[in-house]
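[1] Okay, predicted coordinates and the sequence, questions at the end:
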Amino acid sequence: MVAPLRVALVAGEASGDLLGAGLMQALRAQQPDIEFAGIGGDHMIAAGLISRVPMERLSVMGLTEVLGRLPELLGIRRALTQFCLDWQPDVFIGIDAPDFNLGLEISLRTAGIKTVHYVSPSVWAWRKGRIKKIRRAVDHMLTLLPFEATFYQREQIPVTFVGHTLADRLPMTHSPEILRQEMGLTAGIPVVAMLPGSRGSEVQTLTALFLATLARVQRQIGPIQIVIPAANTHRAHQIAAIIAQQAPDLNITVLDQRADDALAASDAVLVASGTATLQAMLWKKPMVVAYRLSALSYFIISRLATGRWVALPNILAERNWVPERLQAAATPERLAEDLIRALRDENYRHEFVAQASEWHRKLACNADQQAAQAVLTLVGR
């Protein structure tokens, strides 16, 4: 009798939760007798994960923001390390969250547990010195983007480019009319999807900025409809409270999750930098990207950065494809100007859809199955 395959996984935010769930389902399809434990969100739990800590406890962004939570985060990592040493999984899979997962992977790999990191840290963009830590931490790297695999091959780190599960899951073309009717949206009035991030700190920082931007857009072009997909119930309450205080007169629908529905129904997107920019690209929606960190976090990160862009569509295209406005450049006036162009300039919209469709085809590689096969090959199953 072969013992059940034991897989430990840790995801730190909503995008990682989706990736983890897809990978878990693909692993179970090939190894029905399998056990999952670690940290994940609702999707991974639904796929069979026993989550030892709510994923929300890991969702924090920015250097100074992390410092306030550091004792708690280190305590969670110590406890999870001990759990894995006792449980002895066949493999540990860290899904993104490199500041949390890489240290955990080093400890487990040193103890003889095989490790996989799913989603490359942005070593090609900033803090390139982390490649030494990654080499110590991982037995195998799974990348979502093709140029990342090339980077790791040059560094002689085992790697598999798996594509992106979102590109596999989302349709190449779609018609938003029926979805808009189901959501109670009015035909003929522009729809903007607003995605201020999945972390509490992001939502607190960006929601007021985004609402001020959208109020300005409405003053300039007339009525608009706004759809906001909250990452979870906590974020929904947080967003609703900010709306009540700052924008009670805007036509806003807050959805419980349902980011795909919000993006599919939209004409354009106002979005925080992150995985959601890729999601918006795959829905072929012209977007404006904005982000703000605390002054100290931004100062430190900007000194460590080596890449020119932060928005994934721009990184893929290696050009200023979509507007990205950071820190002081992220003003309601500038964002409104960008968003009006995304809504009104038909040539710009047509060219965006053509380019986004090409990238969709390149990234649709059956990611869940490829990632699962790489993991099973590593553990000899």
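    The structure has been received and is ready for your questions.

[2] all strands of the stretch 151-300 of the chain, in order?
    159-161, 191-195, 225-230, 252-256, 268-272, 287-291 (DSSP state E, counting those that start in this stretch).

[3] With respect to residue 359, which of the ones you listed lies nearest?
    strand 287-291 (13.3 Å; C-beta to C-beta). For the C-beta atoms, the positions are set from N, CA and C on the backbone; glycine is no exception.

[4] tell me the angle that closest one makes with strand 191-195.
    Orientation note: strand 287-291 sits at an angle of 30 degrees relative to strand 191-195 (axes from the mean of the first three to the mean of the last three C-alpha atoms, to 10 degrees).

[5] partners of strand 287-291 in the sheet?
    Using DSSP bridges, strand 287-291 pairs in its sheet with strand 268-272 (parallel), strand 324-326 (parallel).

[6] give me the low-pLDDT residue ranges for the stretch 1-150 of the chain?
    Along the stretch 1-150 of the chain, segments meeting pLDDT under 70 span 1, 60-68, 124-128.

[7] so where do the helices sit in it?
    14-30, 42-46, 63-87, 98-110, 130-137, 146-154 (DSSP state H, counting those that start in this stretch).

[8] pLDDT weak spots in the stretch 201-350 of the chain?
    294-307.

[9] Let me see the domain layout of this protein.
    Per automatic domain parsing, the domain ranges recorded for the chain read 5-163+365-379, 177-363.

[10] got the end-to-end distance for the shortest one?
    When you say that, I think you mean domain 5-163+365-379. Taking C-alpha to C-alpha, to the nearest Å, domain 5-163+365-379 runs 9 Å from one end to the other.

[11] Against residue 351, how distant is the residue sitting nearest the centre point of the chain?
    By C-alpha atoms, centre = their mean, the chain has its centre lying nearest to residue 275, at 3.2 Å. Residue 275 is 23 Å from residue 351, where distance means C-beta to C-beta, to the nearest Å.

[12] sec struct for the closest residue to residue 160 other than its chain neighbours, please.
    Take residue 160 and drop its neighbours on the chain: the residue closest to it by C-beta to C-beta, 6 or more residues apart in numbering is residue 374, 4.4 Å away. What DSSP: H, G, I helix; E, B strand; the rest coil gives for residue 374 is helix.

[13] With residue 117 as the reference, measure out to residue 374.
    Taking C-beta to C-beta, one finds residue 374 at 11 Å from residue 117.

[14] Hmm, residue 326 is touching residue 292, no?
    Yes. The pair residue 326 / residue 292 is scored as a contact, 7.3 Å apart, by C-beta atoms under 8 Å.

[15] which of the two has more neighbours?
    Higher neighbour count among residue 326 and residue 292: residue 292, with 20 against 16, using other C-beta atoms under 10 Å.

[16] quick one, what contacts the more buried one?
    205, 206, 209, 298, 326, 327, 330 (C-beta atoms under 8 Å, 6 or more residues apart in numbering).

[17] Number of residues surrounding the residue nearest to the third one when sequence neighbours are not counted?
    Nearest non-adjacent residue to residue 209, counting by C-beta to C-beta, 6+ apart: residue 330, 6.3 Å away. By the other C-beta under 10 Å criterion, the neighbourhood of residue 330 contains 21 residues.

[18] The chain should start at 48 in everything you say after this.
    Understood, numbering begins at 48; the last thing we discussed is residue 377.

[19] so what's the backbone phi/psi at residue 377?
    For residue 377, the backbone dihedrals (degrees, to the nearest 10) come out as phi -90, psi 80.
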